[in-house]
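*Asks:* Fold the following and give me the result.
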Amino acid sequence: MNSPTTHENSEVRHNLLDTGQRIMAGKGFSAVGLNEILTTAGVPKGSFYHYFSSKDAFGEALLARYFETYLAEFDATLQAPGVTMAQRLMTYWQQWQDNQSFLDCQGKCLAVKLGAEVADLSEPMRSVLKRGTSGIVDRIAKAIVAGMTDGSLSVSHDPAVVAQSLYQLWLGASVMVKIVRNTAPFETAMMTTRELLHIAA
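*Replies:* Predicted coordinates:
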């Protein structure tokens with residue numbers, strides 16, 4: 001059983017990561033200083049370095065936790081009972097659209113927001129991004145194969161290639177949504193997704 005001190009330390013660390021995720025999902029990594037995170041979280045500056053050796057280490061932990069949660073939620077979507085794999089995949093894309101709001105994503109769009117920025121700033125953070133996104137693409141590819149098996153979808157190319165193309169399509173759509181400030185890019189992405197997977201609207 002954890003001691004109160006261990007529990008308290010865990011709560012402070014989670015609080016710092018939760019606060020950082022919300023703020024950085026809105027402003028980016030470089031634009032957010034540690035003081036803003038610490039003030040919002042109500043944590044003294046000296047305490048930060050008890051949990052993280054640097055801002056980059058904080059960003060690495062932030063992204064690792066983000067992808068852990070993301071992949072767990074994706075797994076749950078892909079295991080939804082009573083529906084075909086095609087329906088599960090389309091649910092995933094709809095969830096993507098719902099979570100990537102150009103107004104306020106509440107920290108759920110962290111990879112899209114930080115991807116290009118931190119990949120050039122930090123090799124450890126880039127590695128976390130690579131592992132996380134590879135995990136997503138791998139799940140999409142396996143879901144495509146399962147959908148082909150249950151007959152709910154079909155593809156004209158290698159499932160791994162289609163999965164990569166779909167992920168890149170939706171990443172690009174997420175960026176365009178932020179530029180044009182409407183959801184038209186998602187509507188186009190959804191249409192293209194249905195065409196690639198041969199799923200009727």
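
*Asks:* Every contact and neighbour count from this point should use C-alpha atoms.
*Replies:* Noted.

*Asks:* all helices of this protein, in order?
*Replies:* Using DSSP state H, the helices found in the chain span residues 4-27, 34-41, 45-51, 55-78, 85-99, 110-119, 123-150, 159-180, 184-197.

*Asks:* Redo these as a markdown table? Include mean neighbour count and mean pLDDT.
*Replies:* Supplementary listing: the helices of the chain in a markdown table, determined by neighbours: other Cα atoms under 10 Å; pLDDT from 0 to 100:
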| stretch | mean neighbour count | mean pLDDT |
| --- | --- | --- |
| helix 4-27 | 17 | 82 |
| helix 34-41 | 16 | 94 |
| helix 45-51 | 13 | 87 |
| helix 55-78 | 17 | 94 |
| helix 85-99 | 18 | 94 |
| helix 110-119 | 18 | 83 |
| helix 123-150 | 18 | 96 |
| helix 159-180 | 17 | 94 |
| helix 184-197 | 17 | 97 |
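
*Asks:* ok, now how distant is the residue most central in space within the chain from residue 149?
*Replies:* In the chain, the C-alpha nearest the mean C-alpha coordinate belongs to residue 111, at 4.8 Å (Cα atoms, centre = their mean). Look at residue 111 and residue 149: by Cα to Cα, to the nearest Å, they are 31 Å apart.

*Asks:* Same question for residue 185.
*Replies:* 30 Å.

*Asks:* next one: residue 89
*Replies:* In terms of Cα to Cα, residue 89 sits 14 Å off from residue 149.

*Asks:* Skipping its backbone neighbours, what lies nearest residue 124 in space?
*Replies:* Nearest residue to residue 124, sequence neighbours excluded (Cα to Cα, 6 or more residues apart in numbering): residue 60, at 6.5 Å.

*Asks:* Do I have it right that that neighbour meets residue 119?
*Replies:* No. Residue 60 lies out of contact with residue 119 (Cα atoms under 8 Å); the separation is 11.0 Å.

*Asks:* Identify the contacts common to the two.
*Replies:* Between them, residue 60 and residue 119 share these contacting residues under Cα atoms under 8 Å, 6 or more residues apart in numbering: residue 125.

*Asks:* Contacts only, for residue 150.
*Replies:* 84, 85.

*Asks:* at 10 Å instead, please
*Replies:* Neighbouring residues of residue 150 by Cα atoms under 10 Å, 6 or more residues apart in numbering: 84, 85, 86, 144.

*Asks:* Now do the contacts for the closest residue to residue 122 other than its chain neighbours.
*Replies:* Excluding the flanking residues, the one nearest residue 122 by Cα to Cα, 6+ apart is residue 56, at 7.0 Å. With contact set as Cα under 10 Å, 6+ apart, residue 56 has these partners: 29, 62, 118, 121, 122, 123, 124, 125.

*Asks:* Next: residue 65.
*Replies:* Taking Cα under 10 Å, 6+ apart as the criterion, residue 65 is in contact with 14, 17, 18, 21, 59, 128, 132.

*Asks:* could these go into TSV alongside distance to residue 170?
*Replies:* Listed next are these as TSV, based on distance: Cα to Cα, whole Å:
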residue	distance to residue 170
14	29
17	26
18	25
21	21
59	23
128	19
132	15
